[in-house]
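>>> Dropping the sequence and predicted coords here.
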Amino acid sequence: MIAKCAISGAVFVSVLLAQAGAPAGLRCEYLTDPVGIDVPQPRFSWVLAHSARGQKQTAYQVLVSLQPDAPDGGQWDSGKVASGESVNVAYAGKALATGRTYYWKVRYWDSGDAASPYSAAARFDTGLLESADWHAQWIGGANQFRKEFTLPGRLLRARAYVAGLGYYELRINGRKVGDHLLDPAWTTYDKRVLYAVYDITGRLRPGPNAVGVMLGEGWFKSRALRLRIHVEMEGGQSVDVATDTSWKSMPGPIRSDSVYNGEVYDARLETPGWDRPGFDDAPWRPARAIEGPKGVLSAQMMPPIRVTDTLAPVKMTAPRPGVYVYDFGQNIAGVVELRVRGPRGARVVLRHAELLYPDGALNVENLRGAKATDIYFLRGGGGEEVYQPRFTYHGFRYVELTGYPGSPKFDTLRARVAHTGVRSTGGFASSKQILNQIQSNIVWGIQDNLYSVPTDCDQRDERMGWMADAHLYAETAMLNFDMPAFYTNFLRDIHDVQAADGTVTDTVPHRYGSRPADPAWGLAYPLLTWYMYEYYGDRRILEQHYDGVKAWTDYLRGRSRGGILEYSYYGDWVPIDRTPGSLVSTFCYYWSADLVSRMAGILGKTADAESYRKLAGTVKDAFNAKFWNAETGKYATGSQSAQILPLFLDMAPGARRGQVLGALRDDLVYTHDTHLTTGILGTKYLFPLLTSTGNSDLAYELATQTTYPSWGYMVENGATTLWELWQNKTGPSMNSHNHPMFGSLGAWFYNALAGINPDPEKPGFARVIIAPRVVRDLKWASGSLDTIRGRVASSWNRTDGGLRLEAVIPTGSEAEIRIPELGLASVELRESGRVVWKDGKYQSGTAGIAGAREQGGALVLQAGSGDYVFELTGE
Ligand code: BGC
């Protein structure tokens, strides 16, 4: 290297830079430094870094230790493992102990077998691995509990394990612990209750300490608390504090709380100092031991619901004297924070709504039974009082304030945006403003509906984990947010409702709707399992849910007659033009069988792979025999969805495909003047179908349509999230204005416009397909996504002579990059100035590019990892 250096500085630099960087972005079970992991073999993932293109990991070494910074592999030293896998590598060391902190780090070897430096150490804490580890009783009855305890010296480490139903707030020595809201996640409580773990080392001190817990009803509709604090002291002793009847309880200032109706908080009932040591709790009663929920306790291994943003109002009006209406400019989920000064006992009322009447008054008709009203009684005494409800949330853009003592100001209210705190993983933008607004509506709509389960809506008396809604917006969610821990949890929720006969339910946890689920709702079970594999390469999820997915499919088989599944409740829900329910159900049955077959193939269950492939074939034939109408040359009634569904899954016999597609196009373009008439299912699959059949321009026209029915029509009518219905309704009927199910379109922005696609053959973005569609008047589009393997990005813009495309492929991944030739002749392609394609031929020599060919009007490149800048020119 020194010799080269002497010859040329440039060579020296490139040799020096061509290095494997330390792995970054370390995760355990998809989480960063999680506190509370209770799986026996947690899995590790890391992101590779390399300065050179086309680099892969050829081997890795993981060290796991009880020592900070993991100086050794005392718990596990994987040794040098020859493997390209940097995602979900399972721990295989000594059995993990309960309530311990483990440190880990990793290094890798690149394509040239050069070792990277070790990563910085990451950590994870185990939860309470056995139920016997709790040593704590369930207590209940009241909504406020306290306990004092003394630490005999200096402490080294302290953890709190909290299961508090329906919701809890944990307080230590006068302050709230952590940032969780509406915790724990909603589960089927007689199957499973989730607990959170907090590192409270910094919150305790030698001598007296106090712990206080407030409880809300949440979805549990009652109150129950099980808590253990474990403190390790200097010198090796430990101190344990656990819930039992020595705790004291007293009704607190929350007079009532309800997810739908809101919270009533009476500050006159506060007992200052109750959560600090030295408080006189003589009037408090001993806590009552209760039986507690039946479910097993599991660690909550996903981000909690938390405040992610604070919004100031954009407008304040007074439609009537003493009635103030605040407009936050955006439909959100969360609560407001109130600031007020006034006499003791003054009663301030906050009502929430998505809509206003023309006179500016609040329109709450579409909330149906949900009161969405928070009431605050002032403490008084002259100081400023700040109130933010704890155990409720609302879906709203507008808040009505009444009973305010004096004249409220603009800053009297601030909105706290809250939802399951999944990280944003990138974004999508384009030269078309309407698409950007739709993208914003979709992103807001989805995040407003991540409330520990994927909900249908956030405002009315529902907010359920409706399963169709869940699978319809899952891919869009995965392209915009860091979702794997969330869906891992939700899949377990689905498994928890599954009965011995294989049935799952319309909503999970099951409150609304039926058992068995509508087949299009139950499809969430196979599909979400599959998406976890496709987007994150998660094989363990396939293993864990294979039997469940198969049992659900077998249930459908038992209900079918001659390959046709008749039963259906909702089908292609909320369409403009209806599609027979049996067609939709049979389509879902076919897909479920097909997915079982694929999963079986991946898991090496060859007999199942074959028998479910055959089953799918039988269902397909029955579908065609029953629903094909030779007279009209269309499926069933001729509705758009009735054509879309069989085309999307390639169920139509080859010779018929063109005819059906033509009929669909005619219906979209001519019969409906470039409008769709589809319900939630047809809508989702229409876009990828049009794209894969060379009709991206039409898909774009539909996506940018602004007249009824369309997303643009919602935007034109003031929507800042997605509506439940294509129609603009505001009355007392079913018409949520924040319903993310039509957000399926958002996946198409990434897949087709930016052109970012996972390849299920090498899942988890180990192989990326970059295939942007340069459509109509679109001048540029740009998407980026922090995948489990690192950043993938694709941005293009039209240039005078052609197209410029920037693509980013993470180290360790490979890509197929399809660059549209835009119908140009004499096409030439350069990457950072180097010719890649010229005179109809691939020109080798560009780092990271292994080959190129011309196919279907595009240049198709085989690429390795790296950042690329392509320029396409032609005549
Ligand atoms: C929900 C939907 C759900 C549907 C089932 C509605 O009340 O809000 O989104 O999927 O019922 O038909």
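Good, I have the coordinates.

>>> how many neighbours does the spatially closest residue to A719 that is not a sequence neighbour have?
Excluding the flanking residues, the one nearest A719 by Cβ to Cβ, 6 or more residues apart in numbering is N441, at 6.0 Å. All C-beta atoms are positioned from the backbone trio N, CA, C, and that covers glycine. Neighbours of N441 under the rule other Cβ atoms under 10 Å: 26.

>>> contact partners of whichever strand or helix holds G617?
Using DSSP states H and E, G617 falls within helix 606-627. Helix 606-627 has contacts (Cβ atoms under 8 Å, 6 or more residues apart in numbering) with 550, 553, 557, 560, 562-564, 580, 582-583, 586-587, 589-590, 593-594, 596-598, 600-601, 635-636, 642, 646, 651-653.

>>> For that helix, buried residues please.
Within helix 606-627, the residues that qualify as buried are 608-609, 612-613, 615-616, 619-620, 622-624, 626-627, counting by 16 or more other Cβ atoms under 10 Å.

>>> The stretch 401-550 of the chain against the ligand: which residues are in contact?
With Cβ under 6 Å from any ligand atom as the criterion, the stretch 401-550 of the chain meets the ligand at residues D456, C457, E462, W466, A468, D469.

>>> do that again at 8 Å, thanks
For the stretch 401-550 of the chain, the residues in contact with the ligand (Cβ under 8 Å from any ligand atom) are 456-457, 462, 464, 466-469, 506, 512-513, 518, 521.

>>> Could you export those as a markdown table, including neighbour count, secondary structure and pLDDT?
Converted to a markdown table, those look like this (neighbours: other Cβ atoms under 10 Å; DSSP: H, G, I helix; E, B strand; the rest coil; pLDDT from 0 to 100):
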| residue | neighbour count | secondary structure | pLDDT |
| --- | --- | --- | --- |
| D456 | 24 | coil | 98 |
| C457 | 28 | coil | 98 |
| E462 | 21 | coil | 98 |
| M464 | 23 | coil | 98 |
| W466 | 28 | strand | 98 |
| M467 | 29 | helix | 98 |
| A468 | 29 | helix | 98 |
| D469 | 26 | helix | 98 |
| D506 | 25 | coil | 98 |
| Y512 | 14 | coil | 97 |
| G513 | 18 | coil | 98 |
| D518 | 24 | coil | 98 |
| W521 | 26 | helix | 99 |
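
>>> any idea of the mean pLDDT for the helix or strand following the helix holding G617?
Per DSSP H and E, the first helix or strand lying C-terminal to helix 606-627 is strand 628-629. The pLDDT scores in strand 628-629 average 98.

>>> Please name the strands paired to strand 628-629 in the sheet, noting orientation.
strand 634-635 (antiparallel) (DSSP bridges).

>>> State the distance from the one residue in the stretch 751-875 of the chain that gets nearest to the ligand to S744.
For the stretch 751-875 of the chain and the ligand, the shortest gap (Cβ to the nearest ligand atom) falls at N751, measuring 23.7 Å. Distance, N751 to S744, using Cβ to Cβ, to the nearest Å: 11 Å.

>>> now do T674
19 Å.

>>> ok, the two, which is more surrounded?
Ranked by neighbour count (other Cβ under 10 Å), T674 and S744 place S744 first, with 24 against 14.

>>> That one - that's part of a helix, no?
Yes: secondary structure of S744 (DSSP: H, G, I helix; E, B strand; the rest coil): part of a helix.
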